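Student: coordinates only, sequence not included:
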């Protein structure tokens, strides 16, 4: 495959794509949440979403009671369509991560409805905490 055709098939980097923020701070991503290979979860998310989203770990999002926390931010197109960041907590099994991956691959917030089961993981953090994430 030529370099030129490769560029045409890979979504642009940055805000044009969804951003999946994975908390790896105080409680998330630590032995405080047992029974989960935290490093493997992050590697799997990065590998499965590499072509459609930026996956980035961050320090504590201050929602420790919901560990492990993942925030799915819409792509630029998703935001224009009305999508807003979706906070998901207690993402402590591979099935939840697969559901998140399927939703982001379908377009994510504003462009695709999340699988119904993700309603069980969705929560609304305080305004102070939400403001810590860049738009």
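Tutor: Arrived safely. Please read these numbers as outputs of a predicted model, since none were measured by experiment.
Student: Give me the below-cutoff pLDDT ranges for the chain.
Tutor: 1-15, 130, 132-135 (pLDDT under 70).
Student: And the helices in it?
Tutor: Remark: helices assigned in the chain by DSSP state H are 3-9, 38-49, 76-80, 94-105, 127-130.
Student: Out of the ones you listed, which one sits most buried?
Tutor: When you average the neighbours per residue for each of the helices of the chain (mean count of other CB atoms under 10 Å), helix 94-105 leads with a mean of 19. C-beta here means a position set from N, CA and C on the backbone, and glycine is covered the same way.
Student: who touches it?
Tutor: 18, 20, 41, 44-45, 48-49, 52-53, 70, 72, 88, 90-91, 112, 114-115, 117-118, 121 (CB atoms under 8 Å, 6 or more residues apart in numbering).
Student: Give me the buried entries from these.
Tutor: 18, 20, 41, 44-45, 48-49, 52-53, 70, 72, 88, 90-91, 112, 114, 118, 121 (16 or more other CB atoms under 10 Å).
Student: Quick check: closest non-adjacent residue to the spatially most central residue of the chain.
Tutor: Against the mean C-alpha coordinate of the chain, by CA atoms, centre = their mean, the closest residue is residue 20 at 2.7 Å. Residue nearest to residue 20 in three dimensions, not counting chain neighbours: residue 55, with 4.7 Å by CB to CB, 6 or more residues apart in numbering.
Student: Tell me, how many residues neighbour the nearest residue to residue 71 once chain neighbours are set aside?
Tutor: Nearest non-adjacent residue to residue 71, counting by CB to CB, 6+ apart: residue 21, 4.3 Å away. By other CB atoms under 10 Å, 20 other residues sit near residue 21.
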